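>>> Return atomic coordinates for the entry below.
(chains A, B, C and D)
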There are 2 protein chains.
Amino acid sequence: MESHELKIRAAWLYHVEGLTQAQIAERMYLTRRRVNEFLASALEEGIVRVSFASPLAAGMELESRLQGRFGLEAAVVVPTPADPQLLHQALGRGAAAYLDRLIQARKPRSIGVGWGATLRETVTNMTPASEPGIELRSMMGGLTRGSEINTFEIVRGFAQVLKAQCHYFAAPIYAESPQSRDAIITQSVFERIFRQTCEVDISYLSVGDVTRQSLQVRYGLPAGTDIGDLIAVGAVGDLLGRYIDAEGRPVAHPLNAQVLAPDLTDYRRIPCRIVASGGIHKHAILTATVRAGLATALITDEESARALLAGG
Amino acid sequence: MESHELKIRAAWLYHVEGLTQAQIAERMYLTRRRVNEFLASALEEGIVRVSFASPLAAGMELESRLQGRFGLEAAVVVPTPADPQLLHQALGRGAAAYLDRLIQARKPRSIGVGWGATLRETVTNMTPASEPGIELRSMMGGLTRGSEINTFEIVRGFAQVLKAQCHYFAAPIYAESPQSRDAIITQSVFERIFRQTCEVDISYLSVGDVTRQSLQVRYGLPAGTDIGDLIAVGAVGDLLGRYIDAEGRPVAHPLNAQVLAPDLTDYRRIPCRIVASGGIHKHAILTATVRAGLATALITDEESARALLAGG
DNA sequence: ACATTGGTGTAACATATGTAACGTAATGCC
DNA sequence: GGCATTACGTTACATATGTTACACCAATGT
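Below is the predicted model:
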C-alpha cells in the first residue's frame, strides 16, 4: 500500500470514525508518529478539507483578511443590507454585539464615544447591563444645531443602557476660531475634561465622509467654512471632527485648529480604538483610517470590506 | 451576538486560522470550556464538514460499513476494474498490501494459505522480505490436474518472496472416498500436517463459487461428483474445499467427508482468518462466509462490497 | 563502493484537548 | 414567588496531540 492510501485511510479513521491517533496506529500497523504526519499532510495537501455550511463564514474570511492586511486587532463584518437606509442599523447591531462582549471581558474603566447614526443604532442594540464602575464619556464636542440627532443623547444613551456614569463633553464640536479654542481648553474645567477624554480605555467612533450625507458636513461646519475648501486641501473625511487626508494626516486648514476634541497624537494613545462605519461613500476615509493605523478594531459591512481589501 | 455566530466564528478560528482553543477563548472573550463545546457542536450539527478530495475515501466508507455490518476486524475494498479479467489482479494487489503490513506488524509464527487465481496474484504483488522465522503452509490439498495453475506453487511462491520456511500439504484436495480420507489422516505424517495446519496464526484463503468459473468446479471435483448435486443440497460455494450453504454450514454431501483440509470447527479457531474474493458470481458464497463469521478480515472489490451491504 | 540524504522508529516531553465535579446564575414552569 | 432545570464559569486532571532529539536504515547520487 503506498503512502497515499495510508494517508487517506488514516485521515478517514481519524475524522470520520473518530479514532485516536494511537488507535489508528495500532489498527494500521503504523507508529503514532507516522499517523500524526499523515494527518497533518492530508490537511496541508487539501486531501482532507474542512468546509463551513454557513454564510456567516464568508464574513469571517473577510474579517480575517482585514486583520491581516491592516494589522487590526479585531474586525467585524456584517452583511451589506439590500436597502442602504438599513446600513446604520446593521452596523449598529454588529458593533453592539462586539461591545457587549468586549465590555464584559475587559471591564474597562472608561469608554469614550463619538456620535452619528451608527453610534445611535449601537446604543439601541446594546444589551442592558449594570456597570456603575464604568465612565461613559463623549470624545468630542457636539453639534449645536440640527434636529435629526441630539449628539449629547448618544453618550447619555450608552450610560443609561449600561447603568454607568455619564460625563458630557459640554461644548460645541468647533470653537469659533483657533484663538477661541485655545482660550476654552485652558479653562480648568475643560482642561480636565480633555485630559480625561484622552485617558479612556476604549474609544468607539465612526468616521465621516465629505459628502452631504455626513451630519458633520450638513450641520457641524462653522459658518464660513466650505467642505469644498477642505476637499481642495486633500480631505477625504473626518475623525473626531478633524479632517484628514488619504494618508491619515490632518489637512492644512484652520478648521482643524478649532476642533474641541483630542488631537490625533493623543487619540492614538488610547489602547482600544474602535471605528464603525460603512458604505461605499466612506471608502476613502475608511481606507485612510485603517492604513494610518487610526483604528485597532474595525466594524464595517461586507461591501466596504471587499472594497478595502481590493485596494492596492 | 447569538451563540450560533459565536460557534461559527470559533470554528473558523480553529479550523482555518489554526488557533488553539485557549487562544480563541481569549480572542472571543469566552471560556475555553465554551469554545470546546462550540467546536464539538459545530461538527456534530454539520456546520463544519470534513470532506475528502480522494476517490479512495469511497472505498474506505465501504470498508467501514462492512466491518460494522459483519463484525469484521478488517475489510479492504479495492476498486472494481472495468475489465473483469483484471479482478484477480486488483484483489491480489489489495491483499498483498494488507499482508505486507500485517506480517510486518504481527510477526506471525505461521501462515496457512489456500490457492486460486487471487492467491497467485497476491504472491506476485507481495513485497520481498526476509522472514526465516515464519512457516508458510498450505491449508489444504491441491489440485491434481489442470494446467491453468499449479496449486502447490502458491505456497512455494509465498515462502520464496518472504524467504520463509515452506511446508507443503502434499496430498490431493479430495480423497477418493470418506474411508480413504479417514485412512490418510490417521497416518502419522498426515496427522502432524493436519495439526500444524490447524494451528497457524493467520490463514489466507479465497472462496469458490459453484459456476464453471471456479477452478475447483472445473478441475477439483472427483470423478462422479456433479456440481449440480451440490447445488441441489444447498451449496452456494466452497471454503477450504468444503461446500457450504447460505448459512455457512457444510452441506450434506459425501464430498464434504472426503476433503483433505481442516474442518470448519478447527478452522474457526485460527485467530486471523483472511478471505479475499470478489465478483458478482461470488456474492452468495461471500455473503455466507461473512454472515457465518468464517472470516475475520475480508478483501473484496467495490461492486461486491456494495452487493454485500445491500443485502438485508 | 562510498558518501549523503531522507525517512522513520523510539522515547520523551510540552502543550492542547476533552471531560468531570462543583457551585452559581439564569431561565422556565407552576 | 418558589422550585426545578439548564447553562456555564472555574478548576483539576486524564488523555491526545504535536514536536524534538537521536539513532538507524534504506534510498539515492557520484
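
>>> Can you name the residues of the stretch 101-250 of chain A that neighbour chain B?
Residues of the stretch 101-250 of chain A lying near chain B by CB under 8 Å from any CB of the partner chain: A:R101, A:L102, A:Q104, A:A105, A:R106. Quick note: C-beta positions are derived from backbone N, CA and C, even for glycine.

>>> count of neighbours near the fourth one?
A:A105 is flanked by 13 other residues according to other CB atoms under 10 Å in any protein chain shown.

>>> Next, give phi and psi for the residue of the stretch 101-250 of chain A found nearest chain B.
Closest contact between the stretch 101-250 of chain A and chain B, by CB to the nearest CB, is at A:A105 (3.3 Å). Backbone geometry at A:A105, expressed as degrees, to the nearest 10, gives phi -80, psi -40.

>>> Excluding covalently adjacent residues, which one is nearest to A:T124?
Leaving aside its sequence neighbours, A:T124 sits nearest to A:G92 (CB to CB, 6 or more residues apart in numbering or on different chains; 6.3 Å).

>>> list the contacts for that neighbour?
By CB atoms under 8 Å, 6 or more residues apart in numbering or on different chains, A:G92 lies in contact with A:T118, A:L119, A:R120, A:E121, A:T122, A:V123, A:T124, A:N125, A:A276.

>>> ok, 6 Å please
A:T118, A:E121, A:T122, A:N125 (CB atoms under 6 Å, 6 or more residues apart in numbering or on different chains).

>>> what ranges do the helices span in chain A?
A:3-15, A:21-28, A:32-44, A:56-70, A:87-106, A:117-125, A:151-162, A:178-185, A:188-198, A:215, A:227-232, A:264-268, A:283-291, A:302-310 (DSSP state H).

>>> Make a markdown table from these and add distance to DNA strand D and mean pLDDT to it.
Below are those laid out as a markdown table (distance: least, CB to the nearest atom of the strand, whole Å; pLDDT from 0 to 100):
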| stretch | distance to DNA strand D | mean pLDDT |
| --- | --- | --- |
| helix A:3-15 | 6 | 87 |
| helix A:21-28 | 3 | 90 |
| helix A:32-44 | 4 | 92 |
| helix A:56-70 | 18 | 87 |
| helix A:87-106 | 9 | 86 |
| helix A:117-125 | 20 | 90 |
| helix A:151-162 | 19 | 87 |
| helix A:178-185 | 42 | 89 |
| helix A:188-198 | 29 | 88 |
| helix A:215 | 38 | 84 |
| helix A:227-232 | 47 | 94 |
| helix A:264-268 | 32 | 95 |
| helix A:283-291 | 31 | 96 |
| helix A:302-310 | 27 | 95 |
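
>>> can I get those helices in JSON lines with distance to B:Q187?
Listed next are the helices of chain A as JSON lines, based on distance: least, CB to CB, whole Å:
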{"stretch": "helix A:3-15", "distance to B:Q187": "46"}
{"stretch": "helix A:21-28", "distance to B:Q187": "43"}
{"stretch": "helix A:32-44", "distance to B:Q187": "49"}
{"stretch": "helix A:56-70", "distance to B:Q187": "74"}
{"stretch": "helix A:87-106", "distance to B:Q187": "85"}
{"stretch": "helix A:117-125", "distance to B:Q187": "94"}
{"stretch": "helix A:151-162", "distance to B:Q187": "98"}
{"stretch": "helix A:178-185", "distance to B:Q187": "117"}
{"stretch": "helix A:188-198", "distance to B:Q187": "106"}
{"stretch": "helix A:215", "distance to B:Q187": "109"}
{"stretch": "helix A:227-232", "distance to B:Q187": "111"}
{"stretch": "helix A:264-268", "distance to B:Q187": "100"}
{"stretch": "helix A:283-291", "distance to B:Q187": "93"}
{"stretch": "helix A:302-310", "distance to B:Q187": "86"}
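
>>> Format those helices as CSV; extra columns: distance to DNA strand C.
Formatted as CSV, the helices of chain A follow (distance: least, CB to the nearest atom of the strand, whole Å):
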stretch, distance to DNA strand C
helix A:3-15, 6
helix A:21-28, 9
helix A:32-44, 4
helix A:56-70, 17
helix A:87-106, 11
helix A:117-125, 17
helix A:151-162, 15
helix A:178-185, 42
helix A:188-198, 30
helix A:215, 36
helix A:227-232, 47
helix A:264-268, 32
helix A:283-291, 29
helix A:302-310, 27
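
>>> out of these, which comes closest to B:L308?
helix A:3-15 (19.3 Å; CB to CB).

>>> Show me which positions of the closest one end up buried.
Going by neighbour count (16 or more other CB atoms under 10 Å in any protein chain shown), the buried part of helix A:3-15 is A:L6, A:K7, A:I8, A:R9, A:A10, A:A11, A:W12, A:L13, A:Y14, A:H15.

>>> Tell me which other helices or strands that helix touches.
When contacts are defined as 3 or more CB pairs under 6 Å, 6 or more residues apart in numbering or on different chains; DSSP states H and E, helix A:3-15 sits against helix A:32-44, helix B:56-70.

>>> So for A:A305, which of these sits nearest?
Nearest to A:A305, of those and by CB to CB, is helix A:32-44 at 27.1 Å.

>>> quick one: buried residues of the closest one?
A:R34, A:V35, A:N36, A:F38, A:L39, A:S41, A:A42, A:L43.

>>> next one: stretch A:219-236
Buried-residue list, stretch A:219-236, by 16+ other CB under 10 Å: A:Y219, A:G220, A:L221, A:I227, A:L230, A:A235, A:V236.

>>> ok, now stretch A:47-57?
By neighbour count with 16+ other CB under 10 Å, stretch A:47-57 contains the buried residues A:I47, A:V48, A:V50, A:F52, A:S54, A:L56, A:A57.

>>> Could you do stretch A:180-196 as well?
Neighbour-count burial for stretch A:180-196, counted by 16+ other CB under 10 Å, picks out A:R181, A:I184, A:F190, A:I193, A:F194.

>>> pretty sure A:F152 is in contact with A:G142, am I right?
Yes: with contact defined as CB atoms under 6 Å, A:F152 and A:G142 form a contacting pair (5.1 Å).

>>> quick one, which of these two is more surrounded?
Counted by other CB under 10 Å, A:F152 and A:G142 do not tie: A:G142 has more neighbours, with 24 against 17.

>>> so that one makes contact with A:N150?
No: here A:G142 does not reach A:N150: they are 8.0 Å apart, not a contact under CB under 6 Å.

>>> Pull up the gap between the spatially closest residue to A:R218 that is not a sequence neighbour and DNA strand C, please.
The shortest distance from A:R218 to any non-neighbouring residue, by CB to CB, 6+ apart, is to A:R212 (5.9 Å). Relative to DNA strand C, A:R212 is positioned 43 Å away (CB to the nearest atom of the strand, to the nearest Å).

>>> How confident was the prediction at A:R212?
Looking at A:R212, its pLDDT reads 88.

>>> For the stretch 201-312 of chain A, which residue gets nearest to DNA strand D?
Here the stretch 201-312 of chain A gets closest to DNA strand D at one residue, A:D201, 19.7 Å apart by CB to the nearest atom of the strand.

>>> can you list the domain ranges for chain A.
A:3-44, A:56-310 (automatic domain parsing).

>>> Quick one: end-to-end length of the shortest one, please.
According to CA to CA, to the nearest Å, domain A:3-44 extends 15 Å from its N-terminal end residue to its C-terminal end residue.

>>> How about A:F194, nearest residue that isn't a chain neighbour?
Nearest residue to A:F194, sequence neighbours excluded (CB to CB, 6+ apart): A:I185, at 5.9 Å.
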